[in-house]
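>>> Just to be clear, the model below is a prediction. Sequence and coordinates:
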Amino acid sequence: MFGEMRRRKQLLSREECIRILQEGTSGVLALSGRDAYPYAVPLSYVYVQDKIFFHCAKAGYKLEAIERNPKASFCVIGQDQIMPEEYTTYFRSVIVFGKMRILTDEAEKRNAIEKLAERYTPYNEKGRLQEIEREYNRLCMLELEIEQMTGKEAIELVKAKQINPN
């Protein structure tokens, strides 16, 4: 179903991919838009046990695209360091593929928004819960269940790890 990565030496381990997803603050969700045009949108997210959760409004183009075709990809860049003297970029990134689901069960929706809010505001539980209550009825939660996850890093970073494995 999913192709193999051509540059296998640059492949990140599953653990490294998860670390990038856990540490990243935003990524780009790609969906199938109207008239076969791709639709890619930057979003905040939270990764929890092979699922990625997003929030959005209860109506809009993103939801239309998901209802038309739930297949999606999501990309997070964990490192992007331009090295002009080497004519390259030292990068690490992860791309996941899976199917989107609009959460309709209230317990799932509540759990997802609480995890997302805690990720971005871990230090103020009272304020976080007040904000959730204030916005909850206007809120839609989305889940991307990961079917395939691939990470890649620049060959220069691979070589540096070989020289200094710690």
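Thanks, I have it.
>>> Point out where this protein drops to low pLDDT.
1-3, 5-8, 158, 162, 166 (pLDDT under 70).
>>> Run through the helices of it in chain order.
When assigned using DSSP state H, the helices of the chain occupy the ranges 14-23, 61-68, 106-120, 125-135, 155-163.
>>> Reformat these into a markdown table and put distance to residue 55 next to each item.
(Each C-beta comes from the backbone N, C-alpha and C, glycine too.) As requested, the helices of the chain are exported to a markdown table (distance: least, CB to CB, whole Å):
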| stretch | distance to residue 55 |
| --- | --- |
| helix 14-23 | 17 |
| helix 61-68 | 11 |
| helix 106-120 | 6 |
| helix 125-135 | 9 |
| helix 155-163 | 33 |
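>>> Which among those is found nearest to residue 78?
helix 14-23 (3.6 Å; CB to CB).
>>> list the buried ones in that closest one?
17-21 (16 or more other CB atoms under 10 Å).
>>> try stretch 113-133
Of the residues in stretch 113-133, those buried (16+ other CB under 10 Å) are 113, 116-117, 119, 128.
>>> Would you tell me which one of those residues comes nearest to residue 41?
residue 116 (16.0 Å).
>>> How much space separates the closest residue to the closest one other than its chain neighbours from residue 121?
Leaving out its chain neighbours, the residue that sits closest to residue 116 by CB to CB, 6 or more residues apart in numbering is residue 46, at 4.5 Å. Distance, residue 46 to residue 121, using CB to CB, to the nearest Å: 12 Å.
>>> again, but for residue 132
Residue 132 is 10 Å from residue 121, by CB to CB.
>>> go on, residue 161?
With CB to CB as the criterion, residue 161 and residue 121 are 34 Å apart.
>>> and what of residue 21?
Taken as CB to CB, the span from residue 21 to residue 121 is 19 Å.
>>> now do residue 49
Counting by CB to CB, the gap from residue 49 to residue 121 is 21 Å.
>>> Kindly report the same for residue 69.
33 Å.
>>> do residue 133 as well
14 Å.
>>> Residue 149 too?
27 Å.
>>> go on, residue 160?
35 Å.
>>> before we move on, what about residue 35?
39 Å.
>>> next one: residue 36
39 Å.
>>> ditto for residue 29
22 Å.
>>> can you check residue 82 too?
31 Å.
>>> now swap in residue 163 and tell me
In terms of CB to CB, residue 163 sits 40 Å off from residue 121.
>>> likewise residue 61?
Distance from residue 61 to residue 121, by CB to CB: 27 Å.
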